[in-house]
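Student: With the sequence up front, the predicted model follows.
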Amino acid sequence: MWAALAFLFIFVLMMPQIRVPLFERLGGAGDWIGKWAPFSYIVLALFLAATIAALVIMIKWPAPPKPEDPLAKYKKQDIEMD
């Protein structure tokens, strides 16, 4: 899925009618960061912290327990005969 999205993204960037407005908006975002320097850095830090916290939670989340076999009690046990 990620490869398909990357492939699509490459073709979107090749289209000049989309590429020009996209890079203009990215330049505008850089200007906004410069104009609103203290506030924008706090906002970016919050976004970064939320992303890292979400990744840590997903990595550290405990795995679900494996379901018990409902037929385990009916299986034949190996009985040793003397």
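Tutor: Arrived safely, thanks for sending. Numbering: from 1, shown residues only.
Student: tell me which element Gly30 is part of?
Tutor: helix 16-35 (DSSP states H and E).
Student: Who are the packing partners of that helix?
Tutor: helix 2-14, helix 37-60 (3 or more Cβ pairs under 8 Å, 6 or more residues apart in numbering; DSSP states H and E). For glycine as for every other residue, the C-beta is placed from the backbone atoms N, C-alpha and C.
Student: which residues sit against the longest one?
Tutor: When you say that, I think you mean helix 37-60. The contact list for helix 37-60, computed with Cβ atoms under 8 Å, 6 or more residues apart in numbering, reads Trp32, Ile33.
Student: what angle separates the helix holding Gly30 from helix 2-14?
Tutor: Angle of helix 16-35 versus helix 2-14, following axes from the mean of the first three to the mean of the last three Cα atoms, to 10 degrees, is 90 degrees.
Student: pLDDT averaged over helix 16-35, what's the number?
Tutor: Mean pLDDT, computed over helix 16-35, is 88.
Student: Do you know the pLDDT at Lys76?
Tutor: We have a pLDDT of 69 for Lys76.
Student: Oh, that last question was meant for Met81, not what I typed.
Tutor: Confidence at Met81, expressed as pLDDT, is 57.
Student: Pro65 too?
Tutor: Taking Pro65 on its own, its pLDDT is 89.
Student: any idea which helix or strand carries it?
Tutor: With DSSP H and E as the test, Pro65 turns up in no helix or strand.
Student: Tell me how far it lies from Phe7.
Tutor: With distances taken as Cβ to Cβ, to the nearest Å, Pro65 is found 39 Å from Phe7.
Student: Which one's more surrounded, these two?
Tutor: Phe7 (10 against 6; other Cβ atoms under 10 Å).
Student: Leu22 versus the more buried one, what's the distance?
Tutor: According to Cβ to Cβ, Phe7 and Leu22 sit 17 Å apart.
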